[in-house]
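# Fold the stuff below for me.
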Amino acid sequence: MIRKLAKLKTNKELWEPYWVREQVIDAIRAYFKVRGFHEVETPLLLKAPSTEPFLEVFETSLTNDLGQSRQAFLPTSPEFAMKKLLCAGSGSIFQLTKSFRNGEGASPRHNPEFTILEWYETPGDYMSVAKDFEKLMRFILQKIAPDSSKLSYKGKEYDLSRPWEKISVAQAFSRYAGIDTETMLSEAKLKEQAKQKGYQVTPETTWEQVWNQIIANEIEPKLGLTGPTILYDYPISQAALAKKASDGRFAERWEVFMAGLELGNCFSELTDWREQEARCKADLLERKRLGKTEYPMDSDFIDALKLGMSETGGIAVGVD
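Just a heads-up that it's a prediction; the model follows:
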């Protein structure tokens, strides 16, 4: 750490990325403020985090003045806390905050502590958020590089001026992996197709494991090559907090990719508390099966949904 500080002290040009980050965060706030969003701040120490089965949490304990202790956790995202505010009538809101994910290590794609932008547009849905994200990215670029419509990253340029490419998951499986929708959604058929492609498939291999391998190896590398690409309408099993699409086999969820990176994950938010409670319970059971840290469901979140939440689109975006 001291060596890094010494480099900063003697090489003033090394400060430039820090000041670009400051400009980006200033631009994010300006974008949402002018559109009437409220900025909120939610807790970083929780009695129950969200139920995402594949993310590991940081666990600690809270001790009172009598020496009594209970579990506490750092949030993997501010999602549940922000949705409680929506149910209480906050209107459209955004937050820039720290989130924490354990067990992923540190790499160019992951960090255990990172800055997240999360916003909820109400009334809205996943496609209205898509329009907002396009506008936000152009707004930020205009603030940082007012004479350019292209973002430079690792020696390559990505055009932000054109409408973003949009392709459904079913279309992407067909176009890039040669797998039709019926095969994609069938465990037996997808596993057989994966075997023919040379993937390792055993009787214990799940549909989700095969699906993830194909999407990671054959589809995601083809997305966002010249500008952002939105991959939308994920299978319903891949969207625990999203509304069902008109085709009930899919959910109103999208992810956006550029330069080989996933930039954000968006839903039309599930507002039915009964269905949400059932999905949360299923996620907690899956966490137990996977050997993840166990904790209770956030019952306050379900109770808040019982108050009612209007049609809402929400997204989480990594700022770093």
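# Please, where are all the strands along the stretch 151-300 of the chain?
Listed in chain order, the strands of the stretch 151-300 of the chain (DSSP state E, counting those that start in this stretch) span residues 156-159, 165-168, 229-235, 250-258, 261-268.
# Please name whichever of the ones you listed is nearest to residue 24.
strand 261-268 (13.0 Å; Cβ to Cβ). Where you see a C-beta, it was placed from the backbone N, CA and C, and this is true even at glycine.
# With mean pLDDT, distance to residue 15 and mean neighbour count added, can I get the strands of the stretch 151-300 of the chain in CSV?
Below are those laid out as CSV (pLDDT from 0 to 100; distance: least, Cβ to Cβ, whole Å; neighbours: other Cβ atoms under 10 Å):
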stretch, mean pLDDT, distance to residue 15, mean neighbour count
strand 156-159, 93, 25, 13
strand 165-168, 97, 36, 17
strand 229-235, 97, 33, 22
strand 250-258, 96, 26, 23
strand 261-268, 94, 24, 21
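# can you redo those strands as CSV with distance to residue 20?
Rendered in CSV, the data for the strands of the stretch 151-300 of the chain read as follows (distance: least, Cβ to Cβ, whole Å):
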stretch, distance to residue 20
strand 156-159, 16
strand 165-168, 26
strand 229-235, 24
strand 250-258, 17
strand 261-268, 17
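# Residue 221: which of those strands is closest?
Ranking those by proximity to residue 221 (Cβ to Cβ) places strand 250-258 first, at 9.3 Å.
# Spatially central residue in the chain, please.
residue 265 (3.5 Å; Cα atoms, centre = their mean).
# how close does it get to residue 296?
Distance, residue 265 to residue 296, by Cβ to Cβ, to the nearest Å: 25 Å.
# With residue 91 instead?
Residue 91 sits at a distance of 30 Å from residue 296 (criterion: Cβ to Cβ).
# Those two - which one has more neighbours?
The neighbour comparison of residue 91 against residue 296 (other Cβ atoms under 10 Å) goes to residue 91, with 14 against 10.
# ok, now which ones touch that one?
Contacts for residue 91 (Cβ atoms under 8 Å, 6 or more residues apart in numbering) come out as 36-38, 122.
# so it sits in a strand?
No: when classified by DSSP: H, G, I helix; E, B strand; the rest coil, residue 91 is found to be coil rather than part of a strand.
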